[in-house]
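> need coordinates for the following:
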Amino acid sequence: MKVQLGIGTRTEEIDIPDRNLMEVLLPNVAEHELTGADEVRRALAAPIGSARLRDIVKPGEKIAVVTSDITRPMPTYTVMPVLLDELYSAGVKPEDITLVFALGSHRCHTEEEKQHLAGERAYKEIRCIDGDINDCVHMGTTSSGTPVDIVRPVAEADRRICLGNIEYHYFAGYSGGAKAIMPGVSTSAAIQANHSMMVDERAHAGNISDNPVRKDIEEAAALVGVDFILNVVLDEHKQIVKAVAGDVTKAHREGCAFLDTMYQKKIKSRADIVIVSQGGAPKDLNLYQTQKALDNAKHAVKDGGTVILVGSCKEGLGNKVFEEWITQAREPHDLITRVKADFKLGGHKAAAIAMVMEHAEICLVSDMDPDFVKTIFMVPFADVQSAFNHAMEEHGKDASVIVMPYGGSTLPRAE
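Prediction:
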């Protein structure tokens, strides 16, 4: 069978014998009726595990609405007008509402960025601020030892409402829910303590039941107190196709279940060879972005197997800290040891790649210099067919193969 894969602005064709090909994994088509603000309005009118928001808040209460920063695709500007209408209907005044952008360890926003994120109406009507991790209130410590130090406007609010979008997160299981609190409005020390648990084998995309990172996040949020969440699921065009509102855990779980209907793919078993692409530009501009497809592919490959990662990476590695970590390591395991002791954004993706290397060979089909690719512990190839032929020689004529043409949006789960 011939399969087309995107790489940069071009496509490559690969010829795989039918007897070897187990499956080509494509995203599911999820049914939905409403989209955008209409879906948000529906969710607010039918909260999960909670009273309606207008029946929770009271006039005169100070309300903190925590939302994502500019590095996330959360369409706060679509959600806020509907949310403000709900709050105003309870008698809450605009001057008692603060929209707090959850920066985590990211940079502050410009005023133009705040206005874009919040949307014109919210920016005009209520206070819109960045969370300041230098002004926090200590609210306890989780059982894992994570300090719960929360930015003051959120910690001292009478009511806390958390916004977010739900997608797979490669060590917290899913984004959304309590993540707005931890790491969203938490300190660097808290993020270090929480995220260093990413090396636990249970800390992976799609796992939430016994995920130590997610458990710690939700324990921290419980110490703070979250009164209500409003989370959305986006399609590939960044349009809201599902909204969930209500209890911080119950509503979040329903959103996760919907996400699974869109992007989770059940497979009968893992394969000897997994060929995975981000789908081409702009998602594969650099290795930092392309890593997402690799992390999903690890759930489809056998121990000792081969992952053929397809991505142009024409802009190289894509992140300074990521580049520093991966080029300074003497061997992949050094990166895992380092992230346990000193979690850093950027470095954590280098460690995530190293964790895949503990179980599988990685062949990289890219536009990067082959000699450089070798220095970062991958086997370079100029085209997908050559990489596949190499993998077949390694695993034999009966090798099983899975192809993931849109790896960043497809999460395999072996039955």
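
> for the stretch 201-350 of the chain, which segments count as helices?
212-224, 250-263, 287-297, 320-328, 332-341, 347-357 (DSSP state H, counting those that start in this stretch).

> so for residue 366, which of those sits nearest?
For the helices of the stretch 201-350 of the chain, the distance to residue 366 is smallest for helix 287-297, at 7.7 Å, taking C-beta to C-beta. To be clear about C-beta, it is placed using only N, CA and C from the backbone, and glycine gets the same treatment.

> the closest one to helix 250-263, inter-axis angle?
Put simply, helix 287-297 runs at 90 degrees to helix 250-263, going by axes from the mean of the first three to the mean of the last three C-alpha atoms, to 10 degrees.

> output helix 287-297 as CSV, nothing but the C-alphas.
Output of helix 287-297 as CSV, limited to C-alpha atoms (Å, rounded to 0.1, in the frame of the first residue of the first chain):
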residue,chain,number,x,y,z
LEU,A,287,12.1,19.5,16.4
TYR,A,288,10.6,21.2,19.4
GLN,A,289,7.2,21.1,17.7
THR,A,290,7.7,17.8,16.0
GLN,A,291,8.3,16.1,19.3
LYS,A,292,4.6,16.0,20.0
ALA,A,293,4.1,13.5,17.2
LEU,A,294,7.0,11.4,18.5
ASP,A,295,5.5,11.3,22.0
ASN,A,296,2.2,10.1,20.7
ALA,A,297,3.9,7.5,18.5
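
> which elements pack onto that helix?
Counting contacts by 3 or more C-beta pairs under 8 Å, 6 or more residues apart in numbering; DSSP states H and E, helix 287-297 is packed against strand 271-277, strand 301-310, helix 347-357, strand 401-404, strand 411-414.

> quick check: which of these is buried the most?
Of all the helices and strands packed on helix 287-297, strand 271-277 carries the top mean neighbour count, a mean of 29, counting by mean count of other C-beta atoms under 10 Å.

> I'd like the distance from it to the chain centre, please.
Taking C-alpha atoms, centre = their mean, to the nearest Å, one finds the center of strand 271-277 at 22 Å from the center of the full chain.

> can you check stretch 103-118 too?
Centre-to-centre, stretch 103-118 and its host chain are 19 Å apart (C-alpha atoms, centre = their mean).

> could you do stretch 179-199 as well?
Distance of stretch 179-199 from the chain centroid (C-alpha atoms, centre = their mean) equals 14 Å.

> quick one: mean pLDDT for that stretch?
Stretch 179-199 shows a mean pLDDT of 91.

> need the helices and strands packed on helix 287-297 in TSV with distance to residue 175 and mean pLDDT, can you?
Listed next are those as TSV, based on distance: least, C-beta to C-beta, whole Å; pLDDT from 0 to 100:
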stretch	distance to residue 175	mean pLDDT
strand 271-277	21	98
strand 301-310	23	98
helix 347-357	15	95
strand 401-404	21	98
strand 411-414	13	94
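
> with distance to residue 97 added, can I get the ones you listed in a markdown table?
Output for those, formatted as a markdown table (distance: least, C-beta to C-beta, whole Å):
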| stretch | distance to residue 97 |
| --- | --- |
| strand 271-277 | 44 |
| strand 301-310 | 45 |
| helix 347-357 | 34 |
| strand 401-404 | 43 |
| strand 411-414 | 36 |
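
> residue 106: which of those is closest?
Of all the helices and strands packed on helix 287-297, helix 347-357 sits nearest to residue 106, with 13.6 Å by C-beta to C-beta.

> report the angle between that closest one and strand 301-310.
Going by the same axes, to 10 degrees, helix 347-357 makes 120 degrees with strand 301-310.

> helix or strand next in line after helix 347-357, which one?
strand 360-365 (DSSP states H and E).

> quick one on the thing from earlier: residue 69: which of the helices and strands packed on helix 287-297 is closest?
Nearest to residue 69 among the helices and strands packed on helix 287-297 is helix 347-357 (17.3 Å), distances taken as C-beta to C-beta.

> tell me which residues touch the residue nearest the centre of the chain, please.
In the chain, the residue lying closest to the centroid (C-alpha atoms, centre = their mean) is residue 169, at 3.5 Å. Residues near residue 169 by C-beta atoms under 8 Å, 6 or more residues apart in numbering: 175, 179, 205.

> follow-up on the earlier one: residue 324 is nearest to which of the helices and strands packed on helix 287-297?
Residue 324 sits nearest to helix 347-357 of all those, at 7.6 Å, using C-beta to C-beta.

> for that closest one, the distance to its chain's centre please.
Centroid separation between helix 347-357 and its chain, computed with C-alpha atoms, centre = their mean, is 15 Å.
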